[in-house]
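Asker: would you be able to build a 3D model of this:
(one chain, ligands or ions: 1)
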Amino acid sequence: MKKLMMSGALALVLSAPAWAHEPDAVRADAHAPIGVMGDHTHEAGEWMFSYRFMRMAMVGNRVGRTSLTPQEIVTSIPNVHDMPPMLRVVPDRMTMDMHMFGAMYAPNDRITLMAMVNYLQNEMDHITFAGMMGDTELGRFTTRSTGFGDVKLSALVDVLDTGATRLNIRAGLSLPTGSIDETAQVFTPMGTTPVMTMPYVMQLGSGTIDPTLGATLTHASGHWSWGGQAVATLRVDDNDAGYRLGDEVSATGWVGWSPRPDWAFFGRLEGSSTGRIEGADSRIAPPIQTGNPAFYGGETLSASLGVNWVGQAGSLRGQRLAAELSRPVYQDLNGPQMETDWTLILGWQYAWGGAQ
Ligand SMILES: [Cu+2]
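Answerer: Alright, predicted model coming up:
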């Protein structure tokens, strides 16, 4: 993908027309890289629909910044639940697919309303080790959870808009529409196959109403653009199952380069910090790391390459396509915990209405 983007960029430079001759151009860099949400606002009466597909691939485990094999985990990490004394099941691969549907509408030039809901498909592969201790593999199994996640509603307020430089602040709520009662058949160290409530990471929602706050500053002029965003999601209450997910804060910054108005290429860094789960779901007590609320959260820094395209004429005008590929460059996890390998986001956005 990197190679493809580079050669695409080169071809565009060679064919780049002067921007001054295109005053009506829709700018590809008027939107942030597709992995950033709530970066832009709309003018009065304007609507936007968006669809994003996101795949996050996780392979292997780490404690802090150190990688651990499944055999090391089951011989060195105690089980938080009474029996057996050590962890006996290790997740070694997870794929999270998200179909993200979004709508934006601006009742006036200062306020833009935004709603998002995700359809999630989670899949986790496990290794079960035999008996009460030791590192003899007994077998493997896969669990899956599928369904809609939490609905996120927010309002974005334009604080500053000079045309080139924009600042918006956002306040919102995440509503607990996603299930926290997902179950799956598992394969135990004793060779039995009961159906159990899945660990926290495989659940589809937080189970709580979570306030979110954010601010985004962007600038675009000539061939260059840049932006920054900070977002916090706060967990202020326990859910019905007796726990709350950790607070999340993240900050990101990006630089974009547009050889022509309809294309923009981005480099982006994002740092995030997530707290441990507080409380516990009494239904979740298997001898696996994901069953321990302390083995959640941590600090991650990831780097991304992205591309935006926007149509200029006819029925393609205002249609946006985008892609972004991210890889972590630093992960310090409260573990053992699965580590992220890469994340890919593909997106489509279309806005209409408004004054133009
Ligand atoms: Cu929008």
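
Asker: tell me the helix or strand right after the helix or strand of the chain with the lowest mean pLDDT.
Answerer: Least confident helix or strand of the chain, by mean pLDDT, DSSP states H and E, is helix 2-14 with a mean of 49. With elements assigned by DSSP states H and E, the helix or strand that comes after helix 2-14 is strand 46-64.

Asker: could you give me the buried positions within that next one?
Answerer: By neighbour count on 16 or more other Cβ atoms under 10 Å, the buried set for strand 46-64 is 46, 48, 50, 52, 54, 56, 58, 60-63. Yep, even glycine has a C-beta here, placed from its N, CA and C like the rest.

Asker: stretch 303-321 now?
Answerer: 304-308, 310-312, 318-321.

Asker: could you identify the most distant pair in those residues?
Answerer: Spatial extent of those (Cβ to Cβ) is set by the pair 304 and 312 at 25.5 Å.

Asker: tell me which residue in the stretch 201-350 of the chain sits closest to the ion.
Answerer: Proximity to the ion, evaluated over the stretch 201-350 of the chain using Cβ to the ion, is greatest for residue 349 at 6.4 Å.

Asker: that residue belongs to a strand?
Answerer: Yes. Assigned with DSSP: H, G, I helix; E, B strand; the rest coil, residue 349 falls within a strand.

Asker: quick check: beta-bridge partners of it?
Answerer: Beta-bridge partners for residue 349, by DSSP bridges, are residue 50, residue 320.

Asker: also residue 122?
Answerer: Beta-bridge partners, per DSSP bridges, of residue 122: residue 96, residue 145.

Asker: retrieve the pLDDT associated with it.
Answerer: With respect to pLDDT, residue 122 scores 98.

Asker: so where do the strands sit in the stretch 51-200 of the chain?
Answerer: In the stretch 51-200 of the chain, the strands defined using DSSP state E, counting those that start in this stretch lie at 66-68, 89-105, 111-129, 137-148, 151-161, 165-175, 183-185, 195-197.

Asker: nearest to residue 238, of those?
Answerer: So among the strands of the stretch 51-200 of the chain, strand 165-175 is nearest, using Cβ to Cβ, at 15.2 Å.

Asker: any idea how far that closest one is from the chain center?
Answerer: Distance, stretch centre to chain centre, for strand 165-175: 17 Å (Cα atoms, centre = their mean, to the nearest Å).

Asker: for stretch 92-108, same thing?
Answerer: Counting by Cα atoms, centre = their mean, stretch 92-108 comes out at 8 Å from the chain centroid.

Asker: so residue 278 makes contact with residue 247?
Answerer: No. Using Cβ atoms under 8 Å, residue 278 is not in contact with residue 247; the gap is 9.6 Å.

Asker: joint contacts of those two?
Answerer: residue 235 (Cβ atoms under 8 Å, 6 or more residues apart in numbering).

Asker: reformat the strands of the stretch 51-200 of the chain as JSON lines; add distance to the ion and mean neighbour count.
Answerer: JSON lines is the format used below for these (distance: least, Cβ to the ion, whole Å; neighbours: other Cβ atoms under 10 Å):
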{"stretch": "strand 66-68", "distance to the ion": "40", "mean neighbour count": "15"}
{"stretch": "strand 89-105", "distance to the ion": "4", "mean neighbour count": "19"}
{"stretch": "strand 111-129", "distance to the ion": "7", "mean neighbour count": "19"}
{"stretch": "strand 137-148", "distance to the ion": "21", "mean neighbour count": "15"}
{"stretch": "strand 151-161", "distance to the ion": "9", "mean neighbour count": "17"}
{"stretch": "strand 165-175", "distance to the ion": "11", "mean neighbour count": "18"}
{"stretch": "strand 183-185", "distance to the ion": "37", "mean neighbour count": "14"}
{"stretch": "strand 195-197", "distance to the ion": "37", "mean neighbour count": "15"}
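
Asker: done for today, thanks.
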